[in-house]
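Visitor: have a look at this prediction, sequence included:
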Amino acid sequence: MSLSTDNVRIDQASGVRGSGTVARFDYASVTPLFMLTDVALILGLSVLVDFFFSTQFSAGFEITRPLGIGILAAVAFVLTNVSGGLYKPWRMVRLVEETRAAVVNWTFAIFLVATVIFCLKVGDSTSRLSTGIFAVLGFVALPASRWALGIWLRRAIRTGAVRGRPSMLIGDAAELDKVVPAQMLMRLGLDEVRRFGLSTPAPGIHGSALMPADVDALKSALQFARQNRIEEIVLAMPWSDIERLDAVRAKLRSVPLPVKLLPDEVMSELLDAPRVDFGASIAIEVQRAPLSRFELAQKRSLDLMVASVAMLLLLPLFTIIATAIKLDSRGPVIFRQRRNGFGGREFTIFKFRSMTVMEDGSKVVQAQRHDKRVTRVGRFLRASSLDELPQLLNVLLGQMSIVGPRPHAIAHDDEYSKLISGYAFRHHVKPGITGWAQVQGLRGETPELGLMERRIEMDLWYINNWSVWLDLRIILRTFLEVFRNDAY
């Protein structure tokens, strides 16, 4: 059962929740409260920072400017959180996850604000200093607020300060034992008032009729529901015994109340996977689809920010590397090779030339340790991964991403797609300059098929678990990985 342990006081004799705590507000008000808190915090930061700098360094304070920036940032931040389901109470108590999400979504909001300011050409009337301080303070205040709200909500759930809809549980003893009231409140917004146990069928026996004791228990449950203003009934029974479930449902039709069936132990594992609408029913997503439009927009925004800043900062280094390549050996500075990108579409990848050959045909030989084809400058470039820097241009052109599965030569793609199951799935996202496999140490030559299989396994894990936070994590780890100096 997915509803697992926590501590909420239950009357052991009757199963009725203890009355030692006083409910102060409804479960339904938690999400709007958190949203309003974020809006108020962002607007307050924007106005206060601008007020401080205006009174200290300029003639006067105009509230319309910081209010407009604050509203834009708040709308972007809140809508991003809503789209990710981050205002759901059961998500809010995951403190580390919520803190990470706050950092990522605030980055997106600030990027949007900067883009709007640039497009509307109002940069001259906007204080860069106050806007910058506002952005920096947001990276501190919003995660701190998330942390504090999560701790407060945990405490409110534990002490009974949150009131859910009155509900009662009906089910087999084995399944009921796995259901914890605090998790019922956290995940479903239901306040368990009482639970009624049914007899447990013998193992392996399905389609059994209701026992007389079960009929009596259901009569008692229905009477209790009518007398105590129960708003919802929750069933905790094995999904495999369809006939018994139907018999219980038939008995419950005499009361006009919604009935929910919790996943049993077997189904809980399957339902951990994402769920998608499938007509009037649902389907379990056992293989992730390509990123949604919103996710693509997030990833593209991160790519543009990182690639643009990197190109500007590294232009002097580009010049030095290009000069060194020209002085070291004959040939072009930039190496070009055809690779397969998103959806298997072909593109030309750019790298600083590190070898004396320019292979791009039906046979491409991977670089090996002490490979004589590698130039003196090329050996340093490959060891430090500086030869990959021109791929920033591929990122700006939209052909690659900063993070993603590394693109292989077309000859290698054709070879490995025949040998490794699931190889083609790595084309569900754009190829990257760095990736999850690379920061796990899987760089360079793959002389054995097993090494490539491990790399592909890492690539598929990345695709199925993608998030902006994961991309940021990989980017940071890439800087550490290149210092290991194990590429050749």
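Guide: Received it, and whenever you're ready, just let me know what you need. Numbering: from 1, shown residues only.
Visitor: show the pLDDT at the residue of the chain positioned farthest from its centre.
Guide: For the chain, the residue at maximal distance from the C-alpha centroid (CA atoms, centre = their mean) is Pro212, at 48.8 Å. On the pLDDT scale, Pro212 is placed at 83.
Visitor: any idea how far it is from Trp239?
Guide: Applying CB to CB, to the nearest Å, the value for Pro212 to Trp239 is 24 Å. C-betas here are computed from N, CA, C, even on glycine.
Visitor: again with Met211
Guide: As judged by CB to CB, Met211 and Trp239 stand 20 Å apart.
Visitor: got the residue ranges for the strands in the stretch 51-200 of the chain?
Guide: Under the criterion DSSP state E, counting those that start in this stretch, the stretch 51-200 of the chain contains strands at 162-163, 165-172, 190-198.
Visitor: phi and psi next, for Ser240.
Guide: phi -70, psi -20 (degrees, to the nearest 10).
Visitor: okay, now it: neighbour count?
Guide: By other CB atoms under 10 Å, the residues close to Ser240 number 12.
Visitor: going forward, the N-terminal residue is numbered 28.
Guide: Sure, I'll start counting at 28 from here, so that last one is Ser267.
Visitor: turn the strands of the stretch 78-227 of the chain into CSV, columns for mean pLDDT, mean neighbour count and distance to Leu503.
Guide: Shown next, in CSV, are the strands of the stretch 78-227 of the chain (pLDDT from 0 to 100; neighbours: other CB atoms under 10 Å; distance: least, CB to CB, whole Å):
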stretch, mean pLDDT, mean neighbour count, distance to Leu503
strand 189-190, 82, 22, 37
strand 192-199, 88, 22, 44
strand 217-225, 87, 22, 41
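Visitor: dump these into CSV; add distance to Arg380 as well.
Guide: Putting the strands of the stretch 78-227 of the chain into CSV (distance: least, CB to CB, whole Å) gives the following:
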stretch, distance to Arg380
strand 189-190, 63
strand 192-199, 67
strand 217-225, 65
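Visitor: so which of those strands comes closest to Phe135?
Guide: strand 189-190 (30.1 Å; CB to CB).
Visitor: what's the closest one in contact with?
Guide: If you take CB atoms under 8 Å, 6 or more residues apart in numbering as the criterion, strand 189-190 is touched by Ala50, Arg51, Phe52, Asp53, Tyr54, Val57, Leu180, Ala183, Leu212, Asp218.
Visitor: residue contacts, the second one?
Guide: Read it as Arg51. Ala183, Ala188, Val189, Arg190.
Visitor: got any ranges where the chain has weak pLDDT?
Guide: Applying pLDDT under 70 to the chain flags the ranges 28-50, 83-88, 148-153, 228-236, 292-309, 311-317, 385-397, 448-449, 470-474, 509-515.
Visitor: how does it divide up, domain by domain?
Guide: Following automatic domain parsing, one finds the domains of the chain at 28-50+191-289, 52-186, 320-509.
Visitor: just put those domains in TSV and tack on distance to Ala310.
Guide: Shown next, in TSV, are the domains of the chain (distance: least, CB to CB, whole Å):
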stretch	distance to Ala310
domain 28-50+191-289	16
domain 52-186	18
domain 320-509	16
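Visitor: report the separation between the residue nearest to Ala183 when sequence neighbours are not counted and Trp174.
Guide: In space, and not counting its chain neighbours, Ala183 is closest to Val189: 4.9 Å by CB to CB, 6 or more residues apart in numbering. Separation of Val189 from Trp174 (CB to CB): 19 Å.
Visitor: all helices of the stretch 278-427 of the chain, in order?
Guide: 292-297, 320-355, 403-411, 418-423 (DSSP state H, counting those that start in this stretch).
Visitor: mind listing what's buried in the last one?
Guide: Spelled out, it's helix 418-423. Gln418, Leu419, Asn421, Val422 (16 or more other CB atoms under 10 Å).
Visitor: once you drop chain neighbours, what's closest to the last one?
Guide: Distances taken as CB to CB, 6+ apart place Ala334 nearest to Val422, at 4.2 Å, with adjacent residues excluded.
Visitor: tell me the contacts of that neighbour?
Guide: Leu419, Val422, Leu423, Ile429.
Visitor: burial count for the closest residue to Asp355 other than its chain neighbours?
Guide: Nearest residue to Asp355, sequence neighbours excluded (CB to CB, 6+ apart): Val404, at 4.2 Å. Neighbour count of Val404, defined by other CB under 10 Å: 21.
Visitor: for Ile460, what are phi and psi?
Guide: phi -70, psi -40.
Visitor: just the CA atoms of stretch 425-441, as PDB, please.
Guide: Output in PDB follows, covering the C-alpha atoms of stretch 425-441 (Å, rounded to 0.1, in the frame of the first residue of the first chain):
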ATOM      1  CA  GLY A 425      19.200  24.300 -31.500                       C
ATOM      2  CA  GLN A 426      20.900  21.100 -32.700                       C
ATOM      3  CA  MET A 427      22.300  20.000 -29.300                       C
ATOM      4  CA  SER A 428      21.600  20.600 -25.600                       C
ATOM      5  CA  ILE A 429      24.100  21.400 -22.800                       C
ATOM      6  CA  VAL A 430      23.100  18.100 -21.200                       C
ATOM      7  CA  GLY A 431      22.000  14.900 -23.000                       C
ATOM      8  CA  PRO A 432      23.200  11.600 -24.400                       C
ATOM      9  CA  ARG A 433      26.500  12.100 -26.200                       C
ATOM     10  CA  PRO A 434      26.000  11.900 -30.000                       C
ATOM     11  CA  HIS A 435      28.000   9.200 -31.700                       C
ATOM     12  CA  ALA A 436      29.400   9.100 -35.200                       C
ATOM     13  CA  ILE A 437      26.800   7.800 -37.700                       C
ATOM     14  CA  ALA A 438      28.900   4.700 -38.400                       C
ATOM     15  CA  HIS A 439      28.800   3.900 -34.600                       C
ATOM     16  CA  ASP A 440      25.100   4.600 -34.400                       C
ATOM     17  CA  ASP A 441      24.400   2.100 -37.200                       C
END
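Visitor: okay, buried residues for it please.
Guide: 426-440.
Visitor: tell me the contacts of Phe104?
Guide: Residues in contact with Phe104, defined by CB under 8 Å, 6+ apart, are Asp65, Ile69, Asn132, Trp133, Phe135, Ala136, Leu169.
Visitor: of all the strands of the stretch 78-227 of the chain, which lies closest to Glu508?
Guide: Closest to Glu508 of those is strand 189-190 (CB to CB; 44.7 Å).
Visitor: which of the buried residues of stretch 425-441 fall in strands?
Guide: Ser428, Ile429, Val430 (DSSP state E).
Visitor: and the first one, how far from Pro458?
Guide: When you say that, I think you mean Ser428. 7 Å.
Visitor: now do Pro170
Guide: Distance from Pro170 to Pro458, by CB to CB: 32 Å.
Visitor: more crowded one of the two?
Guide: Pro458 (25 against 18).
Visitor: give me the nearest residue to the more buried one, chain neighbours excluded.
Guide: Leaving out its chain neighbours, the residue that sits closest to Pro458 by CB to CB, 6+ apart is Pro434, at 3.6 Å.
Visitor: going by distance to Leu106, which of the contacts of strand 189-190 wins?
Guide: Of all the contacts of strand 189-190, Leu106 sits closest to Val57, with 18.5 Å by CB to CB.
Visitor: would you mind writing the CA trace of stretch 445-465 as PDB?
Guide: The C-alpha coordinates for stretch 445-465 follow below in PDB (Å, rounded to 0.1, in the frame of the first residue of the first chain):
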ATOM      1  CA  LYS A 445      21.800  -3.500 -34.100                       C
ATOM      2  CA  LEU A 446      23.700  -4.800 -31.000                       C
ATOM      3  CA  ILE A 447      22.000  -2.900 -28.100                       C
ATOM      4  CA  SER A 448      18.300  -3.100 -27.300                       C
ATOM      5  CA  GLY A 449      16.800   0.400 -26.600                       C
ATOM      6  CA  TYR A 450      19.700   2.200 -28.300                       C
ATOM      7  CA  ALA A 451      17.400   4.300 -30.500                       C
ATOM      8  CA  PHE A 452      15.500   5.600 -27.400                       C
ATOM      9  CA  ARG A 453      18.400   7.900 -26.700                       C
ATOM     10  CA  HIS A 454      17.300  10.000 -29.700                       C
ATOM     11  CA  HIS A 455      14.100  11.000 -27.700                       C
ATOM     12  CA  VAL A 456      16.000  14.100 -26.500                       C
ATOM     13  CA  LYS A 457      18.700  16.300 -28.100                       C
ATOM     14  CA  PRO A 458      22.300  15.100 -27.700                       C
ATOM     15  CA  GLY A 459      24.400  16.900 -25.200                       C
ATOM     16  CA  ILE A 460      27.900  18.300 -24.700                       C
ATOM     17  CA  THR A 461      27.900  16.400 -21.400                       C
ATOM     18  CA  GLY A 462      25.600  13.800 -19.900                       C
ATOM     19  CA  TRP A 463      24.700  11.500 -17.000                       C
ATOM     20  CA  ALA A 464      26.900   8.800 -18.400                       C
ATOM     21  CA  GLN A 465      29.900  11.100 -18.600                       C
END
